[in-house]
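Engineer: next comes the sequence, and after it the predicted model I'd like to discuss.
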Amino acid sequence: MQFWPRKRSTHSLVRVRSWADENKVKPLGFIGYKAGMVQLRIVDNRPKSLTKGQTIALPSTIIECPSMTVFGVVFYKDSKTLKTVLAGKLDKELGKRMPLPKNKNHNFSNIGEYDDLRLLVHSNPKSTGIGVKKPKVMELALGGNKEGKLTYAQQMLGHEIKIEDVFDAGNSVDVHGVSKGKGYQGTVKRFGVPIRQHKAEKTKRGIGTLGSWTPKRVQFTVPQPGKMGYHLRTEHNKQILRVGQDGKEVNSAGGRVNYGLVKNHFVLLKGSVVGSKKRAVFLCKSIRPNVKHVKEAPELVNVIK
């Protein structure tokens, strides 16, 4: 009952419905690709830790972050789309994701009164080694006031956003992703029900009853076999340990297993991240940050590849 409904995600890249508040005029999120995990040796900077000041090992996840391209701006009025402005030149790879309009409106005049605006961005997976050209498209919120948002949108339309423009080392982020798909599974693996005694009636790896005698409708709380995995999950308050520019810092000989070489800018996140390798994840500013977390990133000694 912790997650309900127990159903598969509609898309491989999640849709963010709530955004954190931000005073600075900048994007509130970034699209990255999970490259795998690596072990770091850092100097512990937690004030109440028993190993404070000592060098410890820490598991970390590599998220490759190729630059995102701003190809449009959407204006909203009363939660409805008022106007959409597109860049003068669109990437041909974007046509693999959506039909490209022949007559593009790239004029910011005659917008009228609007409540908010969002950036239309797409990733550039062709610059990575995952073997995918079709980009991920997302509507990205901005921080700051309306005037600052409009100025920023006019400057960035048709240009690229880098990970350094959004996050710094030590920031706390929320990771939105889709978990690994497990296929069709039974009740023991899917719900953790106990395996019955071998002399039980009919089956061992099943439940005793679907409810009361001859139920007209089985309740949704009754464990039953079905599809498992590929669920939308959000992990809150993951600390960014490092924002790197050269993939050689984390590449092993021959590249990361089941991923390849990290060729673009990357971030190292503390701990694990939901999803399989090569899958797109979305990093955004923490919507409910933990005030007790240390805001400074620990000193990185080296990377154990």
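Structural biologist: Nice, thanks for sending it over. The structure displayed is predicted, hence computed values, not measured ones.
Engineer: chain center to the top strand by length along the chain: distance?
Structural biologist: For the chain, the longest strand by residue count, based on DSSP state E, is strand 29-43. Here the centre of strand 29-43 is set off from its chain's centre by 12 Å, with CA atoms, centre = their mean, to the nearest Å.
Engineer: and what of stretch 126-145?
Structural biologist: For stretch 126-145, the distance to the chain centre is 11 Å (CA atoms, centre = their mean).
Engineer: endpoints of it, how far apart?
Structural biologist: This stretch, stretch 126-145, spans 34 Å end to end (CA to CA, to the nearest Å).
Engineer: for stretch 24-35, same thing?
Structural biologist: Using CA to CA, one end of stretch 24-35 lies 30 Å from the other.
Engineer: name the residues of that stretch that come out as buried.
Structural biologist: Buried residues in stretch 24-35, counted by 16 or more other CB atoms under 10 Å: 25-35. All C-beta atoms are positioned from the backbone trio N, CA, C, and that covers glycine.
Engineer: what packs against the longest strand of the chain?
Structural biologist: Under the contact criterion of 3 or more CB pairs under 8 Å, 6 or more residues apart in numbering; DSSP states H and E, strand 29-43 touches strand 55-64, strand 137-140, strand 266-270, strand 280-285, strand 299-304.
Engineer: now mean neighbour count, distance to residue 71 and mean pLDDT too, for these, in TSV please.
Structural biologist: Written out in TSV, the entries for the helices and strands packed on strand 29-43 read as follows (neighbours: other CB atoms under 10 Å; distance: least, CB to CB, whole Å; pLDDT from 0 to 100):
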stretch	mean neighbour count	distance to residue 71	mean pLDDT
strand 55-64	20	21	97
strand 137-140	18	9	96
strand 266-270	24	23	97
strand 280-285	23	17	97
strand 299-304	14	35	93
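Engineer: what average pLDDT does stretch 150-170 get?
Structural biologist: Computed over stretch 150-170, the mean pLDDT rounds to 96.
Engineer: returning to that earlier point: out of the helices and strands packed on strand 29-43, which is closest to residue 128?
Structural biologist: strand 55-64 (5.9 Å; CB to CB).
Engineer: what does the helix or strand following that closest one rub up against?
Structural biologist: Per DSSP states H and E, strand 55-64 leads on to strand 68-77 as the next helix or strand towards the C-terminus. Residues outside strand 68-77 that contact it (CB atoms under 8 Å, 6 or more residues apart in numbering): 30-31, 81-87, 90-91, 94, 108, 111-124, 139, 153, 156-161.
Engineer: other SSEs contacting the very next helix or strand once past strand 68-77?
Structural biologist: Downstream of strand 68-77, the next assigned helix or strand under DSSP H and E is strand 80-86. Strand 80-86 sits against strand 68-77, with contacts defined as 3+ CB pairs under 8 Å, 6+ apart.
Engineer: and the strand it packs on, which strands flank it?
Structural biologist: Looking at strand 68-77 with DSSP bridges, its partner strands are strand 80-86 (antiparallel), strand 116-122 (antiparallel), strand 160-161 (antiparallel).
Engineer: using neighbour counts, pick out the buried residues of the first one.
Structural biologist: The neighbour-count check on strand 80-86 (16+ other CB under 10 Å) flags 82-83, 85-86 as buried.
Engineer: show me where the stretch 201-305 of the chain has helices.
Structural biologist: Taking DSSP state H, counting those that start in this stretch, the stretch 201-305 of the chain contains no helices at all.
Engineer: so where is it shaky, pLDDT-wise?
Structural biologist: Scanning the stretch 201-305 of the chain for pLDDT under 70 picks out nothing.
Engineer: let's see 90
Structural biologist: By pLDDT under 90, the weakly predicted segments of the stretch 201-305 of the chain are 201-203, 208-216, 219-221, 253-254, 291-293, 305.
Engineer: give me the buried subset of the contacts of strand 68-77.
Structural biologist: The buried subset of these - by 16+ other CB under 10 Å - is 30-31, 82-83, 85-87, 90-91, 94, 114, 117-124, 153, 156-157, 161.
Engineer: which ones are touching the spatially closest residue to residue 240 that is not a sequence neighbour?
Structural biologist: Of all residues beyond its chain neighbours, the one nearest residue 240 is residue 171 (4.9 Å), with distances taken as CB to CB, 6 or more residues apart in numbering. By CB under 8 Å, 6+ apart, the contact list for residue 171 reads 239-240, 285.
Engineer: for residue 85, see how far away residue 171 is.
Structural biologist: Look at residue 171 and residue 85: by CB to CB, to the nearest Å, they are 30 Å apart.
Engineer: hey, what's residue 72 bridged with?
Structural biologist: With DSSP bridges as the rule, residue 72 is bridged to residue 86, residue 120.
Engineer: what about it, how many residues close to it?
Structural biologist: Residue neighbour count, defined by other CB atoms under 10 Å, stands at 22 for residue 72.
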